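Chemist: sharing a model that was predicted from the sequence below.
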Amino acid sequence: MTKQKNGFWTFIFSLIPGAGEMYMGFMKQGISIMTLFWLLIALCSFFNTGVFLFGLPLLWFYSFFNVHNLKSLSEEEFYSITDDYAFHLEAFIADKKGLVKKYHSIIGGVLLFSGLTILWNNSYEFIYYILPDYFGSIVYRIGNMVPQFVLGIGIILFGISMIRGKKKELEENENA
């Protein structure tokens, strides 16, 4: 990993989330930022929800200023930085079996929801063409709303479970 990179190319690559980090030699950081950026776009497109796109500017600015911060470091500081996945995902993913065991119900729920969404998207368009115009338009509108509705319910249930988990943790700490 070499510190002395062309300032022009550093600026150009810093405009693409993750590319600047990769240009400077931080491949893990760059790949994880770029993957997160495009995954967020893909998920919002797949579920037809634009509300989560607010994260894109945050991710873009993080990447942009991270690259320019790395560029401004001294040689010694620059070489002391280790290439790690953004947001320290490496520690989270290190124990894959334990991760799957711990979150098996959440992973199963996400897979089930994704599969049902794919089936629904393919089947409701077929039903739309079979039914008369009036009923077809009703099915089409419902078909567009169901994945968003289920995703909203899932987010609410996830939030409730997190709050309950935090309450249990606080109660256990008080009793200990």
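Modeler: Perfect, thanks for sending it. Numbers count the residues shown, from 1 in each chain.

Chemist: mind checking pLDDT for the residue of the chain positioned farthest from its centre?
Modeler: Using Cα atoms, centre = their mean, the residue of the chain lying farthest from its centre is residue 132. It sits 39.5 Å away. In this model, residue 132 is scored at 79, pLDDT.

Chemist: where's residue 138 relative to residue 130, distance?
Modeler: To residue 130, residue 138 is 13 Å away according to Cβ to Cβ, to the nearest Å. All C-beta atoms are positioned from the backbone trio N, CA, C, and that covers glycine.

Chemist: these two: who's more crowded?
Modeler: Higher neighbour count among residue 138 and residue 130: residue 138, with 12 against 9, using other Cβ atoms under 10 Å.

Chemist: which element is that one on?
Modeler: For residue 138, the element it lies in under DSSP states H and E is helix 133-175.

Chemist: in terms of secondary structure, what does that helix contact?
Modeler: helix 27-47, helix 104-130 (3 or more Cβ pairs under 8 Å, 6 or more residues apart in numbering; DSSP states H and E).

Chemist: ignoring the adjacent residues along the chain, who's closest to residue 67?
Modeler: Leaving aside its chain neighbours, residue 67 sits nearest to residue 20 (3.3 Å; criterion: Cβ to Cβ, 6 or more residues apart in numbering).

Chemist: would you reformat the helices and strands packed on helix 133-175 as JSON lines and include distance to residue 164?
Modeler: Converted to JSON lines, those look like this (distance: least, Cβ to Cβ, whole Å):
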{"stretch": "helix 27-47", "distance to residue 164": "25"}
{"stretch": "helix 104-130", "distance to residue 164": "14"}
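
Chemist: which one of those helices has the poorest average confidence?
Modeler: Among these, helix 104-130 carries the lowest mean pLDDT (a mean of 77).

Chemist: can you give me the domain boundaries for the chain?
Modeler: Domain segmentation of the chain under automatic domain parsing yields 7-93, 96-175.

Chemist: out of the ones you listed, which is the most enclosed?
Modeler: domain 7-93 (a mean of 15; mean count of other Cβ atoms under 10 Å).
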